[in-house]
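> structural data only, the sequence is not supplied:
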């Protein structure tokens with residue numbers, strides 16, 4: 001924007017200075033326009049380079065973002081696996097807790113049974129030794145024979161052995177339950193430790209994923225900003241191209257106007273000289289363009305003759321594939337046949353004619369030049385107009401040269 005303002009200030013200063021000194025000449029205007037056009041083109045080149053740089057930046061950022069997104073996906077999968085493991089551990093821990101609770105109940109029952117057996121033994125011993133209970137002695141002394149005595153002594157021993165065995169069994173049962181409870185508590189502790197480790201690992205992975213997501217979002221923002229800047233550059237280039245096109249049109253008109261007076265004398269000389277006009281095919285159409293306007297335009301005498309001759313067939317039919325100036329021709333057949341009358345050989349189709357002669361800009365276009373459009377060609381006759389075999393409906397006619405986008409301008413003579 002600063003560069004545009006600078007150009008405008010420069011033009012205004014030049015115009016003011018020229019006004020004070022008696023006006024701006026056509027040559028000065030053309031020089032100013034040419035300088036402005038060159039500056040616009042230079043700015044376009046800079047913006048096009050900026051566009052290329054932005055495109056490279058966007059591609060690089062996109063590749064890096066894709067890599068980050070792949071890492072995020074891998075971490076998300078890892079988090080899912082950890083969560084599944086934690087879920088399984090929670091189920092195992094619940095099972096262990098239930099087993100521990102049952103073991104505690106079993107232990108309480110074992111302790112009660114042990115105490116009951118112990119108390120029963122204490123009672124019997126107390127009755128026999130402390131209270132003077134002679135139950136066991138009575139059993140022995142009541143024997144009448146040696147065999148009966150031995151049997152009764154064996155019974156007393158078995159009774160004592162039973163008490164001892166039952167007490168031992170209860171102790172063993174209680175110890176087994178205590179051991180089982182301790183093992184279950186150890187396993188529960190180990191499972192909980194594993195669960196804590198997995199939770200820490202998941203927290204770490206989630207933190208890493210969050211950091212990568214932040215980086216990915218930053219890449220997305222950078223890409224968005226780069227694309228926005230690219231759109232600004234594209235808009236500026238489009239606007240400058242429109243200005244350049246307008247300047248070229250003004251240059252063309254200014255050049256034609258500036259050369260008009262100079263060409264009048266040459267036109268008068270060429271007016272009486274018709275020896276070079278071809279007689280093989282005489283114009284038979286209804287020209288609606290002033291011959292003097294063509295001859296007064298800037299350009300070569302031969303090019304003007306070509307333009308005047310071509311206009312003589314206006315109104316004749318358009319025939320696809322035709323090359324007859326009188327019976328009908330298509331666009332490239334028309335240009336080829338016109339130039340053939342002047343001794344020039346052009347390619348047959350419009351695409352090939354884009355390479356004929358030498359290329360000039362539209363701002364430099366002169367009568368007789370070939371204007372090339374997408375799939376079409378015409379002959380420039382000056383003052384922003386063309387003569388061409390347009391279509392089957394309109395035939396050979398005169399049109400505005402800018403009625404379609406111009407691909408290139410070719411000078412044959």
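Happy to help now that I have it. Remember, predicted model here, so these are calculated numbers, not experimental data.
> name the SS class of the nearest residue to residue 390 once chain neighbours are set aside, please.
Leaving aside its sequence neighbours, residue 390 sits nearest to residue 397 (CB to CB, 6 or more residues apart in numbering; 5.3 Å). For glycine as for every other residue, the C-beta is placed from the backbone atoms N, C-alpha and C. Following DSSP: H, G, I helix; E, B strand; the rest coil, the label given to residue 397 is strand.
> what number of residues are in the vicinity of residue 397?
Taking other CB atoms under 10 Å as the criterion, the count of residues near residue 397 is 19.
> tell me the contacts of it?
For residue 397, the residues meeting the contact criterion (CB atoms under 8 Å, 6 or more residues apart in numbering) are 314, 315, 387, 388, 390.
> helix/strand/coil for the first one?
Assigned by three-state DSSP, the conformation of residue 314 is coil.
> all the helices of the protein, residue numbers only.
2-20, 26-125, 135-141, 146-271, 291-296, 301-311, 331-340, 350-353 (DSSP state H).
> ok, the residue nearest the centre of the chain - contacts?
Nearest to the mean C-alpha position of the chain, by CA atoms, centre = their mean, lies residue 62 at 7.3 Å. Contacts of residue 62 were listed using CB under 8 Å, 6+ apart, and they are 219, 223.
> how far away is it from residue 233?
Here residue 62 is placed at a distance of 19 Å from residue 233 (CB to CB, to the nearest Å).
> swap in residue 393?
Spatial separation of residue 393 from residue 233 under the definition CB to CB is 42 Å.
> next: residue 343.
49 Å.
> more neighbours, those two?
residue 233 (18 against 8).
> contacts only, for that one.
When contacts are counted by CB under 8 Å, 6+ apart, residue 233 is found next to 47, 48, 50, 51, 54.
> okay, now the first one: neighbour count?
This means residue 47. Tallying neighbours of residue 47 according to other CB under 10 Å, which is how burial is gauged here, yields 18.
> tell me the pLDDT at it?
In this prediction, residue 47 carries a pLDDT score of 85.
> same check on the fourth one?
Here, the pLDDT recorded for residue 51 equals 85.
> return the distance of it relative to residue 245.
Taking CB to CB as the measure, residue 51 and residue 245 are separated by 20 Å.
> and residue 171, by the same measure?
110 Å.
> ditto for residue 225
From residue 225 across to residue 245, the span is 31 Å (CB to CB).
> pLDDT weak spots in this protein?
The chain contains residues with pLDDT under 70 at 1-30, 114, 117-118, 120-160, 162-163, 166-167, 170, 173-174, 256, 258-289.
> show me how it divides into domains.
Each domain of the chain is listed here as a residue range: 46-234, 273-411, per automatic domain parsing.
> so which of these gets nearest residue 255?
Set against residue 255 and scored by CB to CB, the domains of the chain come closest in domain 273-411, at 5.2 Å.
> buried residues, stretch 386-404. List them.
Within stretch 386-404, the residues that qualify as buried are 386, 387, 388, 389, 390, 395, 396, 397, 398, 401, counting by 16 or more other CB atoms under 10 Å.
> got the contact list for the residue nearest to the last one when sequence neighbours are not counted?
Once its chain neighbours are removed from consideration, residue 401 has its nearest residue in residue 386; the separation is 4.8 Å (CB to CB, 6+ apart). Neighbour list for residue 386: 371, 378, 379, 380, 398, 399, 400, 401 [criterion: CB under 8 Å, 6+ apart].
> burial count for the second one?
By other CB under 10 Å, 28 other residues sit near residue 378.
> just checking, it touches residue 388?
Yes. Using CB atoms under 8 Å, residue 378 makes contact with residue 388 at a distance of 3.3 Å.
> which residues are in contact with each of the two?
Common neighbours of residue 378 and residue 388 are listed as 331, 335, 399 (criterion: CB under 8 Å, 6+ apart).
> nearest to residue 367, of those residues?
Scanning the shared contacts of residue 378 and residue 388 for proximity to residue 367, where the rule is CB to CB, the winner is residue 335, at 13.6 Å.
> contact partners for residue 392?
With contact taken as CB under 8 Å, 6+ apart, residue 392 is in contact with 317, 318, 319, 320.
> I'd like to know how far it sits from residue 322.
As for residue 392, its distance to residue 322 is 10 Å (criterion: CB to CB).
> same check, this time on residue 362
As judged by CB to CB, residue 362 and residue 322 stand 28 Å apart.
> who has more neighbours, those two?
Per other CB under 10 Å, whichever of residue 362 and residue 322 has more neighbours is residue 362, with 19 against 16.
> quick check: that one touching residue 248?
Yes. Proximity of residue 362 to residue 248 meets the contact threshold set by CB under 8 Å, at 5.6 Å.
> contacts made by stretch 180-200 with the rest, please.
With CB under 8 Å, 6+ apart, stretch 180-200 has contacts from 82, 85-86, 89-90, 92-93, 96-97, 99-100, 103-104, 106-107.
> that stretch: which residues count as buried?
180, 181, 184, 185, 187, 188, 191, 195, 198.
> ok, stretch 53-67 next?
For stretch 53-67, a neighbour-count test (16+ other CB under 10 Å) marks 54, 57, 58, 61, 65 as buried.
> likewise stretch 314-333?
Using 16+ other CB under 10 Å as the burial criterion, the residues of stretch 314-333 that qualify are 314, 316-319, 322-323, 325, 328-333.
> the closest residue in space to residue 251 that isn't next to it in sequence and residue 90, how far apart?
Nearest residue to residue 251, sequence neighbours excluded (CB to CB, 6+ apart): residue 363, at 4.2 Å. Spatial separation of residue 363 from residue 90 under the definition CB to CB is 81 Å.
> which one's more surrounded, these two?
Neighbours around residue 363 and residue 90, counted as other CB under 10 Å, are more numerous at residue 363. The numbers are 21 against 13.
> and residue 81, how many neighbours?
Using other CB under 10 Å as the criterion, residue 81 is surrounded by 13 other residues.
> with the one 5 residues further on instead?
Using other CB under 10 Å, residue 86 is surrounded by 18 other residues.
> isn't it right next to residue 202, touching?
Yes. Under the contact definition of CB under 8 Å, residue 86 touches residue 202, with a separation of 7.2 Å.
> all good on my end, thank you.
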